[in-house]
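Chemist: Sequence and predicted structure, then a few things I'm wondering about:
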Amino acid sequence: MSPTHLTPLAARRRPVLLIVGCGDIGLRVLRLLGPRLRVLALTSSAARLAPLREAGALPLLGDLDDPATLGRLGALADLVLHLAPPPTQGESDPRTRNLIHALARGGRARALVYGSTSGVYGDCAGAFIDETRPTRPATSRAQRRVDAEARLRWWGRASGVRVTLLRIPGIYALDRPGGDPRERLARGTPVLQAGDDPYTNHIHADDLARACVAALFRGAPQRVLHVSDDSPLRMGEYFDLAADLHGLPRPARISRAEATVQMSPIQLSFMGESRRLDNRRLQQELRLRLRYPTVADGLCPAAPAPCAEP
């Protein structure tokens, strides 16, 4: 790791946040907290150093897949926001393991927020669930997240670090790469017919960033929270709404049998899980008032400014 001449002593002059995995959500957090905290951003790509510096972070070059590059990482930050995804294979998350070891060596971190996924529950047959629901991951992708959660909660209990786990559903925003439903509508990707259509949950990217900030300062130790808005919809309803708001054709409806022929395995895996998330902990414990409480607010053509019925 190259800490760009930052020493642990210098970093202690004011509270320091380390963002691990500073993509779109990390940059939104940086815009919120940059004026208040010193923000470090860990990246494994030298090409990302200049953009991160321009965004207001102090970039650090290090690779979670190579523990030797993490150096004195654990001595640099008081708060950690862990948004780095697990590897694409296997049922464990060695990246989170390596991060924990690096943080433990330094012993400075006091709070860590981890961006997990609501996919850890598997299929709930459309049930309305809270955070006490047992995890039953149906894919290796979700199992890797369960492994990361377990490692972080164990470390939090053992070290006294306040660990908060955020279980996140589909992230959207009209200005988010890959999170704008109009892109899928433009491709003409179909959705399932009403009888097969699963419930899905969503959160606007700006509200997710605000939830990360709230959890860093107000999250309870070893606590799990759903970061979801107030409008669980069936998947087809979500894309129908986006189409209607932007004057686009609604997607075609197909049967599940037709989907097995037309769609990729990863698309089918998302369509094979149906659940509705209870977000009361988010609003009551983190005291977060959603800027976009429904997807209609976040998808309206006036976004990113909130819009509502007159």
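Modeler: Nice, I can see it. Predicted model only: the values in this text are computed from it and were never measured. Numbering: from 1, shown residues only.
Chemist: Tell me what the residue nearest to Gly219 when sequence neighbours are not counted is bridged to.
Modeler: Excluding the flanking residues, the one nearest Gly219 by C-beta to C-beta, 6 or more residues apart in numbering is Thr164, at 3.2 Å. For every residue, glycine as well, the C-beta is placed using N, CA and C. Beta-bridge pairing for Thr164 (DSSP bridges): Val113, Arg223.
Chemist: For the closest residue to Gly34 other than its chain neighbours, grab the count of nearby residues.
Modeler: Nearest residue to Gly34, sequence neighbours excluded (C-beta to C-beta, 6+ apart): Gly56, at 4.2 Å. Here the number of neighbours of Gly56 (other C-beta atoms under 10 Å) works out to 14.
Chemist: for this protein, what spans make up the helices?
Modeler: Secondary structure of the chain (DSSP state H): helices at 8-11, 24-33, 49-54, 94-106, 140-159, 181-187, 205-218, 235-245, 256-262, 265-271, 280-285, 295-299.
Chemist: circling back to that earlier point, separation between the residue nearest to Gly34 and Arg31?
Modeler: Distance of Gly56 to Arg31, computed by C-beta to C-beta, to the nearest Å: 8 Å.
Chemist: Please apply the same query to Arg108.
Modeler: For Arg108, the distance to Arg31 (C-beta to C-beta) stands at 24 Å.
Chemist: okay, the two: which has more neighbours?
Modeler: Arg108 (21 against 14).
Chemist: give me every residue that touches the more buried one.
Modeler: By C-beta atoms under 8 Å, 6 or more residues apart in numbering, the contact set of Arg108 is Pro8, Gly74, Ala75, Leu76, Ala77, Asp78.
Chemist: Between these, which sits nearest Asp93?
Modeler: The nearest member of the contacts of Arg108 to Asp93, counting by C-beta to C-beta, is Gly74 at 18.0 Å.
Chemist: isn't the closest one right up against Leu99?
Modeler: No: with contact defined as C-beta atoms under 8 Å, Gly74 does not reach Leu99; the gap is 9.1 Å.
Chemist: Comparing those two, which residue is more hemmed in?
Modeler: Leu99 (30 against 21).
Chemist: Now render the helices of the chain as TSV, adding distance to Ile129 and mean pLDDT.
Modeler: Shown next, in TSV, are these (distance: least, C-beta to C-beta, whole Å; pLDDT from 0 to 100):
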stretch	distance to Ile129	mean pLDDT
helix 8-11	40	44
helix 24-33	23	97
helix 49-54	37	97
helix 94-106	24	97
helix 140-159	15	97
helix 181-187	24	95
helix 205-218	18	98
helix 235-245	17	97
helix 256-262	23	89
helix 265-271	17	81
helix 280-285	12	97
helix 295-299	19	96
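Chemist: To Pro86, which of these lies closest?
Modeler: Of the helices of the chain, nearest to Pro86 by C-beta to C-beta is helix 140-159, at 3.9 Å.
Chemist: List the buried residues for the closest one?
Modeler: 141-149, 151-153, 155-156, 159 (16 or more other C-beta atoms under 10 Å).
Chemist: same question, stretch 259-278
Modeler: Ala259, Met263, Ser269, Met271, Glu273, Ser274, Arg275, Arg276, Leu277.
Chemist: Name the residues of stretch 206-226 that come out as buried.
Modeler: Across stretch 206-226, burial judged by 16+ other C-beta under 10 Å covers 206-216, 219, 222-226.
Chemist: How about the contacts made by the closest residue to Thr294 other than its chain neighbours?
Modeler: In space, and not counting its chain neighbours, Thr294 is closest to Ser231: 4.0 Å by C-beta to C-beta, 6+ apart. By C-beta under 8 Å, 6+ apart, Ser231 lies in contact with His202, Pro293, Thr294, Val295, Ala296.
Chemist: Am I right that the first one is in contact with Ala296?
Modeler: No: distance between His202 and Ala296: 10.8 Å, which falls outside the contact criterion (C-beta under 8 Å).
Chemist: And those two? Which one has more around it.
Modeler: Set His202 next to Ala296 and count neighbours by other C-beta under 10 Å: His202 wins out with 24 against 17.
Chemist: Tabulate the buried residues of stretch 259-278 in a markdown table, adding columns for distance to Gly122.
Modeler: Output for the buried residues of stretch 259-278, formatted as a markdown table (distance: C-beta to C-beta, whole Å):
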| residue | distance to Gly122 |
| --- | --- |
| Ala259 | 19 |
| Met263 | 19 |
| Ser269 | 10 |
| Met271 | 13 |
| Glu273 | 6 |
| Ser274 | 10 |
| Arg275 | 9 |
| Arg276 | 14 |
| Leu277 | 14 |
